[in-house]
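> got a structure for you, letters missing:
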């Protein structure tokens, strides 16, 4: 295929940490290395004016936003943003917009409708908001997003997300799962006695349930496991109080740089994600690629059904029942092989074939 000119729109961009940020970075860099012309327009907190820079071979334009509670990503100077998007979208072959949860992304989509021969939207949609207030907002936001998605190619990252998007937005989807770094296939699992969680610190993530499981594994099965939690969010204070109450030995700290995070993941006896709502957690993909055992919650855990060393549970089950099943998982893990997970190079080739060049 001849060189493409692409505009990627993202709530934020590297070096900011987050699932969407990581996916956009992974795609943009590989497209640029293939000789395609790539521009990323991303929101930027604490910026007074928009500015431009090159990040690992990718042209990145950062636009000032404000983001109460680290959510929504509301753009400032909307008139100037529309003018800038008019310039950036000129003669573009593909515009790829990421996250229907972001005001910045959706407003940008509104501004660029019909400005490219092809518009792709990746929603990262999980059906609802995380609080009563956010669920109320979605009752107004959902019809707006439905209108914006009309005439776009909608790309979902999992079967479950595809079902939700088709149900709530009445549109067909193309499902292509996320990938992992190519070098992860050479990282060895070498457990050192801890259970790990990495992600947003929100109550709906059920990190406290995972802590209870660690506690039971230690007391009933003599495993002597520590609990390591990496992330940030509004549940941090309450979580730490809970961890102190149950007496689990723990480490609670901010997100780690990527290489350090992967090194820590590769030494975990178990990665736990019992969250009630997800689209496609990248940490599970990475754990599967390395061979780290994983316990994940229904229904979104079914995205990983059939992968080895992976336990899918109903988080509403009694915690001692989940703990028993986790113990069985840890016991049989050495007898199972490691799942093959697509790399980002392979995923980008699929993007070009099924999304950008279709």
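All right, it came through fine. Source: prediction; values computed, not measured.
> what segments of the stretch 251-358 of the chain are strands?
For the stretch 251-358 of the chain, the strands defined by DSSP state E, counting those that start in this stretch occupy 270-273, 294-297, 310-313.
> mean pLDDT and distance to residue 157 for those - can I get that in a markdown table?
Yep, even glycine has a C-beta here, placed from its N, CA and C like the rest. Output for the strands of the stretch 251-358 of the chain, formatted as a markdown table (pLDDT from 0 to 100; distance: least, CB to CB, whole Å):
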| stretch | mean pLDDT | distance to residue 157 |
| --- | --- | --- |
| strand 270-273 | 97 | 15 |
| strand 294-297 | 97 | 15 |
| strand 310-313 | 97 | 17 |
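> quick one: which of these is nearest residue 52?
Among those, strand 270-273 comes nearest to residue 52, with 36.3 Å by CB to CB.
> residues of that closest one that come out buried?
For strand 270-273, burial by neighbour count (16 or more other CB atoms under 10 Å) applies to 270, 271, 272, 273.
> which element is the closest residue in space to residue 96 that isn't next to it in sequence on?
Excluding its sequence neighbours, the residue lying closest to residue 96 (CB to CB, 6 or more residues apart in numbering) is residue 120, at 4.3 Å. Using DSSP states H and E, residue 120 sits in strand 118-122.
> same thing with residue 115?
With DSSP H and E as the test, residue 115 turns up in no helix or strand.
> which residues touch it?
Applying CB atoms under 8 Å, 6 or more residues apart in numbering, we find residue 115 in contact with 85, 86, 89, 90, 92, 95.
> any idea how far residue 94 is from the closest residue in space to the third one that isn't next to it in sequence?
Right, the one you point to is residue 89. Ranked by CB to CB, 6+ apart and with sequence neighbours excluded, the top spatial neighbour of residue 89 is residue 115, at 4.1 Å. Per CB to CB, to the nearest Å, residue 115 is found 11 Å from residue 94.
> going on from the host helix or strand of residue 143, what's the next piece of helix or strand?
Here residue 143 sits within helix 132-149, counting by DSSP H and E. For helix 132-149, the succeeding helix or strand toward the C-terminus, using DSSP H and E, is strand 153-156.
> and that next one, what other elements does it pack with?
Under the contact criterion of 3 or more CB pairs under 8 Å, 6 or more residues apart in numbering; DSSP states H and E, strand 153-156 touches strand 118-122, helix 159-169, strand 173-175.
> low pLDDT regions in the stretch 151-300 of the chain?
By pLDDT under 70, the weakly predicted segments of the stretch 151-300 of the chain are 279.
> mind doing that once more with 90?
Across the stretch 151-300 of the chain, the ranges flagged by pLDDT under 90 are 151, 158-160, 200, 257, 276-282, 299-300.
> would you map the helices across it?
For the stretch 151-300 of the chain, the helices defined by DSSP state H, counting those that start in this stretch cover 159-169, 207-221, 236-246, 258-266, 282-290.
> now the angle from the first one to helix 132-149?
To tie it back to what came earlier, the one meant is helix 159-169. 80 degrees (axes from the mean of the first three to the mean of the last three CA atoms, to 10 degrees).
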